[in-house]
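Colleague: Okay, here's the prediction I keep looking at, along with the sequence it came from:
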Amino acid sequence: MKKITVLLALALCVAVVAPATAHVPEGAVRTAFQWPAGLEPTLDGDLSEWSIVPEDYLISFAEHTEFNGEKPADFGDLNFRSIVGWSESTNSLYFMMERFDDFYDRDAQGGVAGGDDSWEMHVDGDHSGDQMRFGTADIENEEERALAQGRWSQSYHTRFPNLGPDGQESWSWFWMTQAQWHDELPYADHGFRLDGEIGGGEATAFIEVRRQAWDDFLFNDPEGSVIHDYNEGDITGLGWAVFDSDVAGADGGVGQDAEHSGQWSLSGATDVWKTTASATDFLLAPLDPRVDFSAIESAVEENSWGRIKSAYVQ
C-alpha cells in the first residue's frame, strides 16, 4: 500500500505545533483526508463520493484488535472499512464506514455497547488525552461530576438507523451525559443506507457521519460550550471501537451469541470508553495533490463501491 509521505512532508511545512501528548500506538500517525470547501460529502448513505479518496487513507477491519488482544479472523462474520476526512470550511470531521455483518442488530434492546451493533467513537479535538468518564472516586460532588462527563473530550455510541431522540434509540448516544442537542445540526449529522434487513441475515451498512468537537462541552449550555477549531496540519486524537452484537434469537429472548460477538478497537486499547489517552493520532492533511477534485461530480455519477463480502481482500 502506498504511503502518504507527500502529505506528511507538506504537513511539516505548516506552522502549527500540536500538543505533545502521545496517543496509541505511540509514534503512529494516521491521516484525515481534506475535503475542499463546498465539496464535502452529502450525508445520504451513498458512499460514491468517497471513491476519489486514495486507497492509503482506508482503514480496514484487519487493522483493529479485539478487546481480548486477538486480530480479526472470521471475515464472514464481520468486515468493514472506513475513512476519516475533515473540512476547514465546516470545521468538522467526516467519517465513512462500509460494514458487512452476517447479522445486523438494531432494535435498542440488549446486546453490547448499550444495545445493538455500534461504532463507538471518541474525539479529542485538542490532542490533550483527556479523561471522559468520571466516577465518584474521581469527583465526589454529583453536580460537578455531571458537568465533567465528556467535557474536554467526547464519546458516542453511534447506531443506525436512528430510532428516536433519546438514549439507545438515538443514532449518536452521548451516554455519559444528559445532553440531547449534540447530535443535531449544526454540530453533527449522519447518513445511512442498509443493503439487507435488520435482524434478517447478511447485510451491508453504508454509514456517513459528520461531527464537530468541543474543547469545553457543557451538556446544559450549548451556547456556552466551546467548539474546537480544526486547522490544516494539526494532530487530533480520534479513536473508536466497533461492536458486533450477534444475537441468538430475538433481543431479550435467548440472548447474545457470545461466540460470534466482539469488540474491536482501532488502537488496541480497551479503555476507549473512559479516556482519550488511548486515542490514535490523526493528521489533518492538506489537500491531496493526487486528487482531481474537479472530477468529484463525475465520480459520483459513474463510480460505485462494491459491497464488502467475507472474501474481501485486506
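Modeller: Thanks, I have the structure now.
Colleague: from here on, contacts and neighbour counts on C-alpha atoms
Modeller: OK.
Colleague: Which pLDDT value belongs to Thr65?
Modeller: Per-residue pLDDT puts Thr65 at 92.
Colleague: Give me the number of neighbouring residues for it.
Modeller: Close neighbours of Thr65, defined as other CA atoms under 10 Å, add up to 21.
Colleague: so it touches Leu266, yeah?
Modeller: Yes: if you go by CA atoms under 8 Å, Thr65 and Leu266 touch, sitting 6.6 Å apart.
Colleague: and Glu143, that's in a helix?
Modeller: Yes: Glu143 forms part of a helix when assessed by DSSP: H, G, I helix; E, B strand; the rest coil.
Colleague: Next, count neighbours for it.
Modeller: Taking other CA under 10 Å as the neighbour definition, Glu143 ends up with a count of 9.
Colleague: Can you list the low-confidence ranges for the stretch 51-200 of the chain?
Modeller: The stretch 51-200 of the chain contains residues with pLDDT under 70 at 110-115.
Colleague: residue ranges of the strands in it, please?
Modeller: Ranges of strands within the stretch 51-200 of the chain are 59-60, 65-66, 78-87, 92-101, 118-124, 154-158, 172-173, 188-195, based on DSSP state E, counting those that start in this stretch.
Colleague: partners of the third one, with directions?
Modeller: Pointing back at strand 78-87 there. Strand 78-87 pairs in its sheet with strand 29-34 (parallel), strand 59-60 (antiparallel), strand 92-101 (antiparallel), by DSSP bridges.
Colleague: got a list of contacts for that strand?
Modeller: With CA atoms under 8 Å, 6 or more residues apart in numbering as the test, strand 78-87 has contacts from 31-37, 40, 57-61, 92-102, 244, 284, 308-310.
Colleague: and what of the last one?
Modeller: Here strand 188-195 makes contact (CA under 8 Å, 6+ apart) with 43-46, 160-161, 182-183, 203-212.
Colleague: Apply 6 Å and report the result again.
Modeller: Residues outside strand 188-195 that contact it (CA atoms under 6 Å, 6 or more residues apart in numbering) are Leu43, Asp44, Gly45, Ala203, Thr204, Ala205, Phe206, Ile207, Glu208, Val209, Arg210, Arg211.
Colleague: Out of these, which comes closest to Ser155?
Modeller: Nearest to Ser155 among the contacts of strand 188-195: Arg211, at 11.5 Å, using CA to CA.
Colleague: and the gap between the nearest residue to that closest one once chain neighbours are set aside and Tyr94?
Modeller: Leaving aside its chain neighbours, Arg211 sits nearest to Ala188 (4.2 Å; criterion: CA to CA, 6 or more residues apart in numbering). Applying CA to CA, to the nearest Å, the value for Ala188 to Tyr94 is 10 Å.
Colleague: ok, now Gln180?
Modeller: Remark: distance between Gln180 and Tyr94 (CA to CA) = 21 Å.
Colleague: With Val242 as the reference, measure out to Trp214.
Modeller: Taking CA to CA as the measure, Trp214 falls 23 Å from Val242.
Colleague: what do you get for Tyr187?
Modeller: Using CA to CA, one gets 22 Å for the distance from Tyr187 to Val242.
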